[in-house]
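K.L.:
predicted model follows, preceded by the sequence.
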Amino acid sequence: MGISLRRYAHLLLTYLKPHWRSNLALAVLLFSSIGLQLLSPQVISYFIDTIQARGPLQVLLIAAGIFIIISVVQRLVAFASTYLAENIGWLATNALRADLVEHCLRLDMSFHKQHTPGELIERVDSDVTALANFFSQFTLKVLGNGLLILGVLLFLLQADWRAGFGLIVYSVLTLCILSFLQKVAVNKWAKEREANADFYGFLEEHISGTEDIRAIGAEQYVTHRLFALMRRLLETYRAARLISNFTNFGTNTLYVVGYTVGLALGAYLYSQHQITLGTAYVIVYYIGLLAQPLDNLRQQLQDLQQAEASIERVEQLFMLQPEIKEDVSKDLPSEQSALTFQNVSFSYDQQEYVLQDLNFQLQPGKVLGLLGHTGSGKTTLARLLFRLYDPPIGAIRLNGIDLREIALEQLRTQVGMVTQDVQLFQASIRDNLTFFNRRISDATIEQALHESGLSKWVQSLPHGLDTQLAAGGQGLSAGEAQLLAFARVFLKNPSLVVLDEASSRLDPATEYLLEQAMKRLLEGRTGIIIAHRLHTVLRADEIMILDHGNIVEHGSRLALANDPHSRFCTLLQTGLEEVLP
Ligand SMILES: Nc1ncnc2c1ncn2[C@@H]1O[C@H](COP(=O)(O)OP(=O)(O)OP(=O)(O)O)[C@@H](O)[C@H]1O
């Protein structure tokens, strides 16, 4: 393990640069606080020596007054620096969180299949939270405490060289021991963070699947696995905590040794009349004070143990790059799209092809009805169109341009997709449609709702567009959810529409609305419909039947329907259920 200084510096610079003014103010405050800490015992020392010398009362009162002022200023400085440090910590970590979320959103679907949302939450939030102190205080505190230790040692050297030299050896030894312990601990903290991520991943996955878990009576199995994960979490946390506590114990022991030496030294030098009582006080006080920066350094090192593990994991995440590359060179005209699949083969696991050598063309404005058994590759074909994956063999073209040459944002604006499993968020209907884009006017939203046949439904809701939807769109039927997805596509106004029709049974009124909305959606657009109903199939100009990733039939719907030897004709005669899962 061990992260090089350059990587620490890079991370600090990236996220602290925008807050350099606050950092500067924090540095001034921290260094003032160190100065005040060194100054206040000098005032007491002067006070003691003045009493011993029976100095005037007025001088004593002034010294006491200065001491009180220094103490009050010290408190105020501590208050202000805590505020600033917290603020910087939050601002910097929030920026890092935002970058990580953005990065994760750009990663491939295969990454999201491998990592549960809970695990990602842990990595984007908890790992970053562990870095808050690192961002806000680490460098300044290490520097400040280092300077404080240096100041104390210089003073002791000047008071008595033996005392100074002895304490230099003591401080160097202490730091060596502490940094050795830190190295051991960082590994343990990394394991603890991993166990934490697995634990939250499991929780998230199983809480969202509660309904199915209950339905199949798998509660016991889930509890059993939960216990296993909690045990691992406990074990890794205990090991990491033990090492950290051992570090704590080591510091305290070293501190007690230092204090004992300081007291003995002060008493000895005073008894030998080599120093005044005031100086003896300062020696003991400074040695006591030495414990604080050493402890602070230890604390910073402990935080660094956790931060190092987190930095490692954050960096690993940043290092993952999407395979879907943006090699943008061409602009996609927003006119009707002609679609071409040329020798396209695709596999999820680089072993078994789920689409094989697909070749077809779809003219602008035409609608293709895509049929096939479950697992024949229909959804996969739609995913390729949206560039959720890239085919390793062959090319897909829109208006003659390879999808890989079109900016992702532009492509995803030009291609609209309605899936069976519509994702609805716990937010207002407006935000669910616009994805929080405030620039889209209510009039535009209402037009989209009108086209998808939802105007009346929204108007009948007490809060209209501001009506809050429950998480996952609970409370809405599959048909209503699909209609909302239609409204999203109307808002986007793409030139190519991919529609995975809801296979669940719908009430006649919703079915009618869906039919009408589909008709409007396909008007003047090129479309691919993964159809589950006869009347939807009849809307298609062309029919394509997939079987195990191969095109087994493709042609004009009318021609195929009239050809008694075609599969489509047989299907129409025997009932579509066989290919419409
Ligand atoms: N994300 C994935 N990772 C690995 N394999 C996948 C993934 N998605 C689908 N598959 C596999 O690819 C094959 C084609 O699946 P696909 O979902 O495209 O079929 P489909 O025709 O749309 O089926 P359905 O009608 O049930 O939705 C199947 O064997 C499926 O198991």
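P.N.:
Perfect, I can see it now. Residues are numbered from 1 along each chain as shown.
K.L.:
going forward, measure contacts between C-alpha atoms and count neighbours the same way
P.N.:
OK.
K.L.:
for residue 435, report the pLDDT, please.
P.N.:
As predicted, residue 435 sits at a pLDDT of 83.
K.L.:
that one - how many residues pack around it?
P.N.:
14 (other C-alpha atoms under 10 Å).
K.L.:
next, give phi and psi for it.
P.N.:
phi 50, psi 50 (degrees, to the nearest 10).
K.L.:
the one 4 residues further on now?
P.N.:
According to degrees, to the nearest 10, the main-chain angles of residue 439 amount to phi -80, psi -10.
K.L.:
and it, how many neighbours?
P.N.:
7.
K.L.:
do the one 4 residues further on as well
P.N.:
Burial of residue 443, expressed as a neighbour count using other C-alpha under 10 Å, amounts to 9.
K.L.:
what's the helix or strand for it?
P.N.:
helix 442-451 (DSSP states H and E).
K.L.:
and that helix, what does it pack onto?
P.N.:
Contacts defined by 3 or more C-alpha pairs under 8 Å, 6 or more residues apart in numbering; DSSP states H and E place helix 442-451 against helix 429-434, helix 478-492.
K.L.:
of all the ones you listed, which lies closest to the ligand?
P.N.:
The ligand sits nearest to helix 478-492 of all these, at 15.9 Å, using C-alpha to the nearest ligand atom.
K.L.:
angle of that closest one against helix 442-451?
P.N.:
130 degrees (axes from the mean of the first three to the mean of the last three C-alpha atoms, to 10 degrees).
K.L.:
quick one: strands adjacent to whichever helix or strand comes after helix 478-492?
P.N.:
Using DSSP H and E, the helix or strand that follows helix 478-492 towards the C-terminus is strand 496-500. Using DSSP bridges, the strands paired with strand 496-500 in its sheet are strand 415-418 (parallel), strand 526-530 (parallel).
K.L.:
may I see the buried residues of the next helix or strand after strand 496-500?
P.N.:
The helix or strand immediately downstream of strand 496-500 is helix 508-522, counting by DSSP H and E. Within helix 508-522, the residues scored as buried using 16 or more other C-alpha atoms under 10 Å are 510, 513, 514, 515, 517, 518, 521, 522.
K.L.:
quick one: neighbours of the residue nearest to the fifth one when sequence neighbours are not counted, just the number.
P.N.:
When the adjacent residues along the chain are set aside, residue 517 lies closest to residue 452, with 4.7 Å between them (C-alpha to C-alpha, 6 or more residues apart in numbering). The number of residues packed near residue 452 is 27, by other C-alpha under 10 Å.
K.L.:
would you mind measuring from residue 452 to residue 486?
P.N.:
Per C-alpha to C-alpha, to the nearest Å, residue 452 is found 6 Å from residue 486.
K.L.:
overlap in contacts of these two?
P.N.:
517, 518 (C-alpha atoms under 8 Å, 6 or more residues apart in numbering).
K.L.:
give the next helix or strand downstream of the helix or strand containing residue 317.
P.N.:
Take DSSP H and E as the rule and residue 317 turns out to sit in helix 277-319. For helix 277-319, the following helix or strand on the C-terminal side (DSSP H and E) is strand 339-347.
K.L.:
how far off strand 526-530 does that following strand point, in degrees?
P.N.:
Using the same axes, to 10 degrees: strand 339-347 against strand 526-530 is 40 degrees.
K.L.:
strand 339-347 - which strands sit beside it in the sheet, and in what orientation?
P.N.:
strand 353-362 (antiparallel), strand 393-398 (antiparallel).
K.L.:
tell me which residues are up against the shortest one.
P.N.:
Residues outside strand 393-398 that contact it (C-alpha under 8 Å, 6+ apart): 332, 337-346, 357, 385, 402-403.
K.L.:
list the residues that contact residue 368.
P.N.:
362, 527, 528, 529, 540, 541, 542, 543, 544.
K.L.:
what does residue 278 give?
P.N.:
44, 45, 46, 47, 48, 49.
K.L.:
from those, which land in helices?
P.N.:
Mapping the contacts of residue 278 onto helices (DSSP state H) picks out 44, 45, 46, 47, 48, 49.
K.L.:
what about the ligand: which of these touch it?
P.N.:
Counting by C-alpha under 6 Å from any ligand atom, the subset of the ones in helices among the contacts of residue 278 that neighbours the ligand is empty.
K.L.:
show the buried residues in the residues you listed.
P.N.:
44, 45, 46, 47, 48, 49.
K.L.:
the ligand: which of these is nearest?
P.N.:
Among these, and counting by C-alpha to the nearest ligand atom, the member closest to the ligand is residue 44, at 72.5 Å.
K.L.:
the closest one against residue 67, yeah?
P.N.:
Yes: the criterion here is C-alpha atoms under 8 Å, and residue 44 meets it with residue 67 at 7.4 Å.
K.L.:
among the contacts of strand 393-398, which two are most distant?
P.N.:
332 and 357 (25.1 Å; C-alpha to C-alpha).
K.L.:
OK, contacts around residue 28?
P.N.:
Residue 28 neighbours (C-alpha under 8 Å, 6+ apart): none.
K.L.:
could I get the buried ones among the ones in helices among the contacts of residue 278 as JSON lines with distance to residue 122 and pLDDT?
P.N.:
Below are those laid out as JSON lines (distance: C-alpha to C-alpha, whole Å; pLDDT from 0 to 100):
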{"residue": "44", "distance to residue 122": "50", "pLDDT": "90"}
{"residue": "45", "distance to residue 122": "52", "pLDDT": "88"}
{"residue": "46", "distance to residue 122": "55", "pLDDT": "91"}
{"residue": "47", "distance to residue 122": "55", "pLDDT": "91"}
{"residue": "48", "distance to residue 122": "56", "pLDDT": "90"}
{"residue": "49", "distance to residue 122": "58", "pLDDT": "89"}
